[in-house]
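# 3D, please:
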Amino acid sequence: MAEYIEGKRAVIEALRSGVPLRSVLLSDSVQHDGLVKDILRKAKQHGVPVREASRKRMDDISERGSHQGVMAETAPYPYAGGGEVLAAAVERADATGCALIVVCDHITDAGNLGAIARSAESVGACGIVIPNKRSAHVTAATYKSSAGAISHILIAQVANIASFIERTKDEGFWAVAATEHAEGSLWEADLRGRIVLVMGSEHDGVSRLVLETCDIPASLPQRGEVSSLNVAQASTVFMYEWLRQNSL
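As a prediction, this is how the structure comes out:
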């Protein structure tokens, strides 16, 4: 099913962020103001075709009714396979002695997924693995919050998170689950070498079955009263601790 980005500024941001687009739709009645001219210029730069569409057609396909006579049809994101991410991580570990895979256990916010991808790319993670159902997927919001990192890191969809983690163990990886219920803190966890970092959903955390599959549960140390950081912030802390330990 096609997904559409609606509105002049949203389409400009999508073109600027490198969101893969099939086409830009312009209403036959839209005023060619400065924003529309900018869209036409950026679409030409990125090789995105511009097509004219009737106002009625755009009203029919619009979900929010805020298209302003401008919409962009997104192209499907080219997900990798779980085996591709694992192979890249094994190759990295063989070459450098360490590798990181980030697993998102049913994170539902596309913006959080993008923020996690931004940190993962920054620390040199080999890829991100998400479930293919009941999970956020890569959207325009993901591209925006990742600041372009989505284009530079593998993201794989798998049918079963626990099964994927078991596959990584066969290649010598240790699975670390970020959970506020862990007795040991992140500072006590050994993150050297081949690590799979598992981040749970915004509301429920790491699911019971996935948690049982992990080797090391770890929590964030804290001194304040707020129970925890959000999943994107927490994942950044965990990833940079992995980077610190593997840089010593």
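
# Show residues contacting the lowest-mean-pLDDT helix or strand in the chain.
Counting by mean pLDDT, DSSP states H and E, the chain has its least confident helix or strand at helix 140-146, which shows a mean of 82. Surrounding helix 140-146, the residues in contact under the criterion C-beta atoms under 8 Å, 6 or more residues apart in numbering are 5, 10, 13-14, 17-19, 74, 110-115, 117-118, 121, 136, 150-151. C-beta coordinates here come from the backbone N, C-alpha and C atoms, glycine included.

# what comes into contact with the next helix or strand after it?
The helix or strand immediately downstream of helix 140-146 is strand 155-158, counting by DSSP states H and E. Contacts to strand 155-158, defined as C-beta under 8 Å, 6+ apart, come from residues 77, 79-82, 84-85, 117, 127-132, 137-138, 164.

# And the residue nearest the centre of the chain, what's its pLDDT?
For the chain, the residue nearest the mean C-alpha position is residue 113 (3.4 Å; C-alpha atoms, centre = their mean). On pLDDT, residue 113 comes in at 94.

# Okay, and it sits in which element?
Going by DSSP H and E, residue 113 is in helix 110-123.

# contacts for that helix?
With contacts defined as C-beta under 8 Å, 6+ apart, helix 110-123 is touched by 100, 102, 104, 107, 127-128, 130, 136-139, 141-147, 149-150, 152-153, 155, 199, 202, 230-232, 235-236, 239-240, 242-243.

# Can I get the buried part of these as one PyMOL selection?
Entered in PyMOL, the line below selects the buried ones among these, by 16 or more other C-beta atoms under 10 Å:
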select buried, resi 100+102+104+107+127+128+130+136+137+138+139+141+142+143+144+145+146+149+150+153+155+199+231+232+235+236+239+242+243
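
# where does the residue lying closest to residue 229 once chain neighbours are set aside fall, phi/psi-wise?
Spatial nearest neighbour of residue 229, chain neighbours left out: residue 220 (6.6 Å); criterion: C-beta to C-beta, 6 or more residues apart in numbering. Main-chain torsions, residue 220, degrees, to the nearest 10: phi -80, psi 130.

# before we move on, back to that, name only those of the contacts of strand 155-158 that count as buried.
79-80, 82, 85, 117, 127-131, 137-138, 164.

# Hmm, residue 215 is touching residue 176, no?
Yes: counting by C-beta atoms under 8 Å, residue 176 is a contact partner of residue 215 at 7.1 Å.

# Of these two, which one has the most company?
For residue 215 versus residue 176, neighbours defined as other C-beta atoms under 10 Å are more numerous around residue 176 (26 against 14).

# Does the more buried one touch residue 218 like I think?
Yes: the pair residue 176 / residue 218 is scored as a contact, 5.8 Å apart, by C-beta under 8 Å.

# which residues are common contacts for these two?
With C-beta under 8 Å, 6+ apart as the test, residue 176 and residue 218 both reach 189, 238.

# Helices of this structure, residue ranges please.
8-17, 34-45, 55-61, 82-96, 110-123, 140-146, 161-170, 208-213, 231-245 (DSSP state H).

# And the residue of the chain positioned farthest from its centre, how far from residue 70?
Most distant residue from the mean C-alpha position of the chain: residue 29, 36.4 Å away (C-alpha atoms, centre = their mean). Look at residue 29 and residue 70: by C-beta to C-beta, to the nearest Å, they are 11 Å apart.

# same thing with residue 90?
For residue 90 relative to residue 70 (C-beta to C-beta), the value is 45 Å.
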